[in-house]
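[1] Following is a predicted model, sequence given first.
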Amino acid sequence: IDAGTGSVRAVIFDTLGNQIGSSQHEWSHLEEAGVPNSMRFDYEKNWALCALCIQEALSDANLKGEDILALSATSMREGIVLYDAEGRELWAVANVDARADKEVRALKEKFAGLEEQFYQESGQTFALGALPRILWLKNNKPEVYEKVANISMIGDWILAKLSGVIATDPSNGGTTGIFSLSARQWRAEMAEKVGLKADIFPEVLETGTLMGTVTHEAAELTGLGTQTKVVMGGGD
């Protein structure tokens with residue numbers, strides 16, 4: 001499953017690597033009322049589109065859900081999803097959401113040289129990274145921010161919806177700017193340094209790691225089988 005900026009698609013390959021089924025649906029990320037340069041990710045509507053793509057790809061390939069051995073996902077990089085303690089989505093933005101321009105400026109002014117320091121570690125500048133966006137949430141929707149217990153990227157979110165496991169891989173985690181590419185792990189102290197929660201980071205799994213299998217709930221919605229393996233993907 002590939003969650004792109006302009007559309008989501010599901011593609012089925014056989015064990016020889018031949019493409020045998022696919023489906024694609026456009027989606028849009030709308031600006032929030034009164035929030036300039038915002039780009040909200042509508043996780044309820046978009047999850048329904050993901051499920052529809054899976055159903056249609058199965059139909060296109062003339063397969064049943066039980067025929068699918070394993071699945072994975074990729075996505076636009078830099079889009080984030082925040083979850084509560086029960087794993088329910090709280091807030092999400094697509095990749096080019098630019099609402100946090102004031103927070104970016106404030107970080108640069110308050111912490112001289114910090115962006116360069118963080119860039120050396122994570123490979124991500126403040127612009128489009130998670131740090132200023134989460135700061136925006138803290139500053140503008142503190143009641144939502146207080147509930148935040150976990151974070152992932154868009155592709156990780158698809159895998160979480162399918163498996164019930166919230167995790168990320170280094171190619172996606174690095175785009176948050178709160179990550180060490182060399183250690184291939186979160187750097188919670190980066191969040192702490194700028195006044196953000198340091199306990200909201202999920203497990204990091206290398207691409208290709210088995211996460212689990214499709215849940216009964218996800219199977220009913222998508223047509224997949226509960227024996228289908230869910231495998232960690234990566235950023236596009």
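    That came in fine, so what should we check first?
[2] in the lengthiest helix in the chain, what counts as buried?
    Residue-count comparison of every helix in the chain, with assignments taken from DSSP state H, identifies helix 43-60 as the longest. Using 16 or more other CB atoms under 10 Å as the test for burial, helix 43-60 gives 43, 46-47, 49-58. Yep, even glycine has a C-beta here, placed from its N, CA and C like the rest.
[3] What of stretch 175-195?
    175-180, 186-188, 190-191, 193-194.
[4] and if you look at stretch 9-19?
    Under the neighbour-count criterion of 16+ other CB under 10 Å, stretch 9-19 has 9-12 buried.
[5] Give me the distance between the two termini of it.
    Using CA to CA, to the nearest Å, the end-to-end distance of stretch 9-19 comes out at 13 Å.
[6] got a list of contacts for that stretch?
    Contacts with stretch 9-19, where a contact means CB atoms under 8 Å, 6 or more residues apart in numbering, come from 1-2, 20-25, 50, 53-54, 56-58, 60-61, 63, 68-69.
[7] Can you give the distance of that stretch from its chain's centre?
    Here stretch 9-19 is found 23 Å from its chain centre; the criterion is CA atoms, centre = their mean, to the nearest Å.
[8] before we move on, back to that, and the furthest pair within the buried residues of stretch 175-195?
    Within the buried residues of stretch 175-195, 175 and 193 form the most distant pair, 18.5 Å apart (CB to CB).
[9] quick one: which of the buried residues of stretch 175-195 sit in helices?
    188, 190-191, 193.
[10] Which one of these is nearest to residue 99?
    Distance to residue 99, by CB to CB, is smallest for residue 191 among those, at 18.5 Å.
[11] May I ask you to confirm that that closest one is in contact with residue 199?
    No. Using CB atoms under 8 Å, residue 191 is not in contact with residue 199; the gap is 9.0 Å.
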